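Asks: Predicted model and sequence below, questions to follow.
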Amino acid sequence: MEFKDKVVVITGGTRGIGKALVETFAFNGAKVIFTYAQNDEMAAKLKNEIESKGGYADPYKLDVKNYEEIEKWRDKIIEKYEKIDVLINNAGIIKDKALMMMTKEDWLDVIDTNLNGLYNITRNFIVTFMKQKEGCIVNISSVSGVIGLPRQTNYSASKGGIIAFTKALAKEVASLNIRVNAIAPGFISTDMTATLKDDLVKKMLSLIPLQRFGKPEDVAKAALFLASKDSSYITGHTLVIDGGLSMRD
Ligand code: NAP
């Protein structure tokens, strides 16, 4: 198993895509450290499920917006595991509204969680990766950051920012044997998309060539590939997983 004893940090691991990421890496032999914002019960349940099937999972309640808290947590992680092999920046939120209705709080909340949160976590682990001269980062962006979606100016801006961040960092650290890639999922069935109104779901389905939403596992399997040796010549790339939604003629 390629990931046996690899230390993999995943943010936002309790639900949806994050949960699938935690399971996929844990069942491929990794020691998975995952974070979440508030749901202690769900985190404990996931840890138990994974351990009952022979995997390893170590959950931490940690707000990706809190730089100081992350700094202390990073020290704890490095002291306990002595290294980190893979970082997956997955935590994210939406607060969809037309721009004319979007408050400054709606804007800042999404940018702070999705983009500044990714900076906070990556900034704290990049030195570890640089010292190791080895590592792999996978950032979860969105198709919304590639094509832009109405009522998501805050979210599209944060996710487009993640793609630019990914390319810039990939160029910066490539010579140190650190790869940085992103995944841009389309519509994936999770709590996040469960709140979409029926008429919007119908409209989106009509625009997706594969005529269905994706599964969290579709994203997790791609992340496993981007973190594996099989993708050792891929860096700075954004892998779109959207059933063809953003395909151009
Ligand atoms: P989800 O089901 O809403 O889960 C979000 C996860 O992020 C939860 O584990 C949550 O923890 C955690 N989280 C939220 N705010 C956080 C914070 N401030 N600090 C730490 N953790 C935080 O979301 P999802 O659909 O799986 O989405 C996961 C990622 O994929 C996000 O970045 C999202 O933007 C992206 N994405 C999703 C889709 C989609 O269709 N679902 C499409 C494109 C991109 P708690 O459980 O404790 O709240």
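Replies: Happy to help now that I have it.
Asks: What separation is there between L196 and the ligand?
Replies: According to CB to the nearest ligand atom, to the nearest Å, L196 stands 9 Å off from the ligand. Glycine gets a C-beta too; all of them are placed from N, C-alpha and C.
Asks: Please state the backbone phi and psi of the nearest residue to Q38 once chain neighbours are set aside?
Replies: Distances taken as CB to CB, 6 or more residues apart in numbering put K61 closest to Q38, at 7.3 Å, once the chain neighbours are dropped. With angles defined as degrees, to the nearest 10, K61 sits at phi -80, psi 120.
Asks: go on, Y36?
Replies: Dihedral angles of Y36 (phi, psi; degrees, to the nearest 10) stand at phi -160, psi 170.
Asks: now K215
Replies: phi -110, psi 150.
Asks: for G160, same thing?
Replies: phi -70, psi -40.
Asks: which bits of the protein sit near the ligand?
Replies: Residues of the chain lying close to the ligand (CB under 6 Å from any ligand atom) are 11-18, 35-39, 42, 63-65, 90-93, 113, 117, 140, 142, 185, 187-188, 190-193.
Asks: which stretches of this protein form strands?
Replies: 7-10, 31-36, 56-61, 86-89, 135-140, 178-185, 238-241 (DSSP state E).
Asks: The third one: partners in the sheet, and parallel or antiparallel?
Replies: Listed by DSSP bridges, the sheet partners of strand 56-61 and their directions read strand 31-36 (parallel).
Asks: Export the partner strand to PDB, keeping only CA atoms.
Replies: Listed next in PDB are the C-alpha coordinates belonging to strand 31-36 (Å, rounded to 0.1, in the frame of the first residue of the first chain):
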ATOM      1  CA  LYS A  31      -2.400   8.000   9.200                       C
ATOM      2  CA  VAL A  32      -5.100  10.500   8.700                       C
ATOM      3  CA  ILE A  33      -5.300  13.700  10.800                       C
ATOM      4  CA  PHE A  34      -8.500  15.600  10.100                       C
ATOM      5  CA  THR A  35     -10.000  18.800  11.300                       C
ATOM      6  CA  TYR A  36     -13.600  20.100  11.600                       C
END
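Asks: Show me the contact partners of that strand.
Replies: Residues from elsewhere that reach strand 31-36, judged by CB atoms under 8 Å, 6 or more residues apart in numbering: 5-14, 18, 22, 25-26, 42-43, 46, 50, 55-62, 64, 77, 81, 91.
Asks: if I read this right, the residue nearest to Q38 contacts A43, doesn't it?
Replies: Yes. Assessed by CB atoms under 8 Å, K61 is found in contact with A43 at 7.2 Å.
Asks: Give the residue from those two that has the larger number of neighbours.
Replies: Remark: of K61 and A43, A43 carries more neighbours, 23 against 14, as counted by other CB atoms under 10 Å.
Asks: Next one, pLDDT for the nearest residue to the more buried one once chain neighbours are set aside please.
Replies: Closest residue in space to A43, ignoring its immediate chain neighbours: P59 at 4.1 Å, by CB to CB, 6+ apart. As predicted, P59 sits at a pLDDT of 98.
Asks: What of M1?
Replies: 81.
Asks: List the residues that contact the residue nearest to E71 when sequence neighbours are not counted.
Replies: Among residues not flanking E71 along the chain, N124 sits closest, at 5.9 Å (CB to CB, 6+ apart). Contact analysis of N124 by CB under 8 Å, 6+ apart lists Y67, I70, E71, R74.
Asks: can you rerun that using 10 Å?
Replies: Y67, I70, E71, K72, W73, R74, D75, I77, I78, L87 (CB atoms under 10 Å, 6 or more residues apart in numbering).
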